[in-house]
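**Q** Sharing a model that was predicted from the sequence below.
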Amino acid sequence: MSYKSMKNWDREQREPLLSKVTDRIHHQEPLKEKISQVVYKLKVQHNRLEGANLETQQHDKSLFDKYVQAQMSKDTMRSAMYANEIAEIRKIAKVTLRSELALEQVVLRLETIQEFGDVAAMMGPVAGVVHQIKNQIAGVIPQVGYELGEISDTLNSVVMEVGEATGQGYDLEASGPEASKIISEANTIAETRMREKFPELPSPTATAEHEIVIPR
């Protein structure tokens, strides 16, 4: 059985799915309020990741400048040290940027749920994406990973509530491809932005023969 979008989310006359969900979980926190709180918390973590990305970019630029100076001074030991540090910084930047972009997509989808009420169709992939991001970011920014873990638990409880109220269980396999698609799209955009924001390290020959233009 398919469940269509519930367009009158804030009205008394609502579609059957929302009525069934509300009737079954009336003793718990209203579903719409839960989703609103999740959206707010996700935006907080998105802003943290955005700030972390800006700091990483600034740190990378500082190291890039030092790398170029070391190359021009023919200080191979120091230039190698800076190159290694830059490589590590960029690994972190890729994870945080990809996570930031994926969370942005999650927030947009949850806001769509708030507007149209398509809970059953869209909540599964959203929960799957947050779970994946949590696992990826935990080793880079533990606090964000912890907060996303809390949010993931809330989303999972919403999925379970909707499933119990409608008799439609959470199909992990069905939602998996859509969640992977969101992650893949975020990764593609992250790759493009990485090339824009983090220039390739110049070779020793290029450093010696040409003036290096450092992006600002």
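**A** Perfect, thanks for sending it.

**Q** Would you mind measuring the gap between the ends of stretch 159-178?
**A** End-to-end distance for stretch 159-178: 16 Å, by CA to CA, to the nearest Å.

**Q** For that stretch, what does the pLDDT average out to?
**A** The average pLDDT within stretch 159-178 is 66.

**Q** now stretch 82-102
**A** 96.

**Q** what's the answer for stretch 198-214, then?
**A** For stretch 198-214, mean pLDDT is 62.

**Q** got a list of what F198 touches?
**A** 57, 60, 90, 93 (CB atoms under 8 Å, 6 or more residues apart in numbering). Bear in mind the C-beta positions are built from the backbone N, C-alpha and C, glycine included.

**Q** For it, give its distance to K91.
**A** The gap separating F198 from K91 is 11 Å, by CB to CB, to the nearest Å.

**Q** hey, where'd the helices end up in this structure?
**A** For the chain, the helices defined by DSSP state H cover 16-24, 31-72, 76-116, 119-137, 142-166, 172-197, 204-209.

**Q** Single out the most deeply packed of those helices.
**A** Of all the helices of the chain, helix 119-137 has the most neighbours on average by mean count of other CB atoms under 10 Å, namely a mean of 22.

**Q** Check which helices and strands that helix sits against.
**A** Judged by 3 or more CB pairs under 8 Å, 6 or more residues apart in numbering; DSSP states H and E, the packing partners of helix 119-137 are helix 16-24, helix 31-72, helix 76-116, helix 142-166, helix 172-197.

**Q** before we move on, back to that, can you list the contacts of F198 in CSV and add distance to L108?
**A** Below are the contacts of F198 laid out as CSV (distance: CB to CB, whole Å):
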residue, distance to L108
Q57, 24
D60, 28
R90, 27
A93, 23
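
**Q** Just flag the most distant two among those.
**A** Q57 and R90 (10.0 Å; CB to CB).
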